[in-house]
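Asks: My questions concern the predicted model and sequence given below.
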Amino acid sequence: MAKAETDKQQDTAASNKSLRPLSRLIPYLSRYKGMVSGALMALVSAAVFTLVLPTAVRQMIDRGFGGDNPEVINSYFGLLLGVVAALSLASAIRYYLVMWIGERVVANVRSDVFSHMTELSPAFYDKSRSGEILSRLTADTTQIKSAFGATASLAMRNLVLFIGAVIMMLVTSPHLSIIVLAAIPLILLPLILFGRNVRQRSRTSQDTLANAAAYAGEMLSNIRSLQSFVHEREASKRFASAAEGAFQAARKATGARAILTFFAIFIIGSSVVAVLWIGSNNVLSGTMTGGELSQFLLYSILAASSLAGLSEVWGELSLAAGAAERLSELLEVKPQIAAPIAPMTIPELRNVHLSFQDTSFSYETADDKPVLHEISLTIQGGETIAIVGPSGAGKSTLFHLLMRFYDPTTGRISMNDVKLKDVDPKDLRQRIALVPQDAAIFAATIADNIAYGKPGASAAEIEAAARAASAHDFITAMTDGYQTMAGERGVTLSGGQKQRIAIARAILKDAPVLLLDEATSALDAESEHLVQSALDQLMQGRTTLVIAHRLATVLKADRIVVMEAGRIVDIGTHSELVARKGLYAKLAQLQFDAGASTQRQTAS
Ligand SMILES: Nc1ncnc2c1ncn2[C@@H]1O[C@H](COP(=O)(O)OP(=O)(O)OP(=O)(O)O)[C@@H](O)[C@H]1O
């Protein structure tokens, strides 16, 4: 399925030929029919008023300058002023409505793309760079905004003006019109050829930019590692070369547009010169009045400038089509883990039992190398299972499969005898509380960080959870207590404090299954004790799987599962496993020695 996703993305990228990707945005426009028709009306009225002006000029020259009546000139100027006022009003309304639509559409596109991104499975993020996705969310949507705002309105205005001006030219002087109209294919040809070229180049430029943004994001979020290895200069150099790449790509796109502009203006200008030339001869020979020639000339200038405007706008729209295409690619990626059409519900039991049956799994990114081999394990309701094993044995992967971040390649996993594949992943995840090794702390107040476990939790519930997680004291010791800002631009929490916040979150979530990834980092004795008592509290009455690093946890577990290289190599209690003198005995000796001696000291 994932492969199909990738192929689809490549196909879309290859069909780099038209403005078609912009049609993806039509549903967004159709939500605002009133505004769109208002904008169209303003647009057409402005064009009509513009087209009236040359007729007024003709009348003024032929009648007013004919000298019969100065009153006529006055009334024409009055009329002209009225037309100008109406034109200005229609243009202002058009500007407001069109910009409103642009901003509105982009705000909706942004929210939709973001909410789609939150639904995609971790497998997608294993293969993507978050910086690149962020760039799509910001740079590409901005591109679309300018297309839908100013550019689309210009395009429509120019189109309506062009058609109107051509009709009026034909009415004014059919034979002069033919000269001008003959030039149109000459203008359109380079327009179409270069438009395509500009579009491809602009896509390259945006891609390069997204790469540079991804690199910058990665470096800045790891600023401590970067500085500790004194990599500032290398990082700057690499970013500069990425930025240079983006500049070069943009330069090429701009170059193609500049050539396009040259051709458009040159051909249009030449045909205007030809019209002037032939028209002057016609006036001299008396087949045309001066007013008619002026009127025709104004129309042909209008037609020409709107066509030139169209060519510019075409370039802009091509840029936006590139952006829309990249966003559609993102929107077309289907979450690999989705709810089945008719999801089953897991029986609402406090006592949840879990089972793995012949479960094998491999990550897509790791050359399909199996990470778990035929795991079979049944966990009783309320049981505490400690999972131990060397690094890379597949312990965290077991958690990933239980949370259904990934589906097993073969075999099955079930909760209360319902296969995980048959339930809505959101429903499943509601039944599980995960306390990760390195809990995420968000840029929000401590209270909000805890309430992440149960959105809308009351202050009393938050405090009760914090107390149970032995976090209340350190929180109240902070200047603003529960209202202290944490995360970016806030206080930095220690490893032990973060863990207790994560435990408080899990307590609030109050899920029947608990997945606990114990921190390896040595906590000082006091916070270790606090974290441990918080965990004891949390584990009560829940089905618990702990990736165990502490002897205390292992000793408390009902059973210990020993994993090595993706397989379960042994299951038993501490004393059974030590007596078997297998991998566990070795691990216990190496890993828990320090802990064990502390325990012995405490005991004696
Ligand atoms: N997202 C991923 N994409 C590809 N391979 C992965 C991914 N996550 C883990 N792996 C690989 O899967 C194997 C098992 O990893 P896992 O994290 O489950 O091990 P672990 O027993 O939890 O290790 P540790 O104790 O070091 O956390 C490793 O070889 C690892 O490189």
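Replies: Here it is on my side, so go on.
Asks: Flag every residue of the stretch 301-450 of the chain that's near the ligand.
Replies: Y363, T365, A366, V371, G389, S391, G392, A393, G394, K395, S396, T397 (C-beta under 6 Å from any ligand atom). C-beta: built from backbone N, CA, C; applies to glycine.
Asks: at 8 Å instead, please
Replies: 363-366, 369, 371, 389-400, 437 (C-beta under 8 Å from any ligand atom).
Asks: Three-state assignment for T359, please.
Replies: What DSSP: H, G, I helix; E, B strand; the rest coil gives for T359 is strand.
Asks: What sits closest to it if chain neighbours are left out?
Replies: G411 (3.7 Å; C-beta to C-beta, 6 or more residues apart in numbering).
Asks: Give me the contacts around whatever helix or strand the one you found lives in.
Replies: Counting by DSSP states H and E, the element that carries G411 is strand 410-415. Surrounding strand 410-415, the residues in contact under the criterion C-beta atoms under 8 Å, 6 or more residues apart in numbering are 346, 352-360, 374-376, 401-402, 419-421, 423, 428, 431, 513.
Asks: Give the pairing partners of that strand; include direction for each.
Replies: Neighbouring strands of strand 410-415 in its sheet, by DSSP bridges, are strand 354-362 (antiparallel), strand 418-419 (antiparallel).
Asks: Looking at it now, give me its mean pLDDT.
Replies: For strand 410-415, mean pLDDT is 92.
Asks: Please state the offset of it from the chain centre?
Replies: Centre-to-centre, strand 410-415 and its host chain are 32 Å apart (C-alpha atoms, centre = their mean, to the nearest Å).
Asks: residues of it that come out buried?
Replies: G411, I413, S414, M415 (16 or more other C-beta atoms under 10 Å).
Asks: Nearest to the ligand among these?
Replies: Comparing those against the ligand with C-beta to the nearest ligand atom places I413 closest, at 14.9 Å.
Asks: State the distance from that closest one to D422.
Replies: Using C-beta to C-beta, to the nearest Å, one gets 11 Å for the distance from I413 to D422.
Asks: Would you verify that L377 is located in a helix?
Replies: No - per three-state DSSP, L377 lies outside any helix segment and is strand.
Asks: thinking again about what came up before, okay, and which of the residues of the stretch 301-450 of the chain next to the ligand map to helices?
Replies: Among those, the residues falling in helices (DSSP state H) are K395, S396, T397, L398, F399, H400.
Asks: quick one, longest helix in the chain?
Replies: Longest helix in the chain, counting by DSSP H: helix 232-284.
Asks: Please work out the average pLDDT along that helix.
Replies: pLDDT averaged over helix 232-284 gives 83.
Asks: likewise stretch 453-462?
Replies: 89.
Asks: And it, what's buried?
Replies: Quick answer for stretch 453-462 (16+ other C-beta under 10 Å): G453, K454, A457, E461, I462.
Asks: Do me a favour and get the backbone dihedrals for the closest residue to the ligand within the stretch 201-350 of the chain.
Replies: Shortest the stretch 201-350 of the chain-to-the ligand distance, computed as C-beta to the nearest ligand atom: residue-wise this is Q336, at 12.9 Å. Backbone geometry at Q336, expressed as degrees, to the nearest 10, gives phi -70, psi -30.
Asks: same deal with the one 10 residues further on?
Replies: For I346, the backbone dihedrals are phi -80, psi 130 (criterion: degrees, to the nearest 10).
Asks: Tell me the predicted confidence for I179.
Replies: 76.
Asks: list the contacts for A210?
Replies: By C-beta under 8 Å, 6+ apart, the neighbours of A210 are G131, E132, S135, R136, A139.
Asks: just the strands in the chain please.
Replies: Applying DSSP state E to the chain gives strands spanning 354-362, 370-379, 384-388, 410-415, 418-419, 432-435, 513-517, 543-547, 559-564, 567-572.
Asks: so for the shortest one, what's the average pLDDT?
Replies: Mean pLDDT, computed over strand 418-419, is 90.
Asks: what's the answer for the third one, then?
Replies: Per-residue pLDDT values over strand 384-388 give a mean of 93.
Asks: List, one by one, the residues from the chain near the ligand.
Replies: 122-123, 126, 363-366, 369, 371, 389-400, 437, 517, 520, 547, 563, 566.
Asks: from those, which would you call buried?
Replies: Here, 16+ other C-beta under 10 Å leaves 123, 363-364, 371, 389, 393-400, 437, 517, 547, 563, 566 buried among those.
Asks: Any idea which residue of the stretch 101-250 of the chain lies closest to the ligand?
Replies: Across the stretch 101-250 of the chain, the shortest distance to the ligand (C-beta to the nearest ligand atom) belongs to D126, at 4.5 Å.
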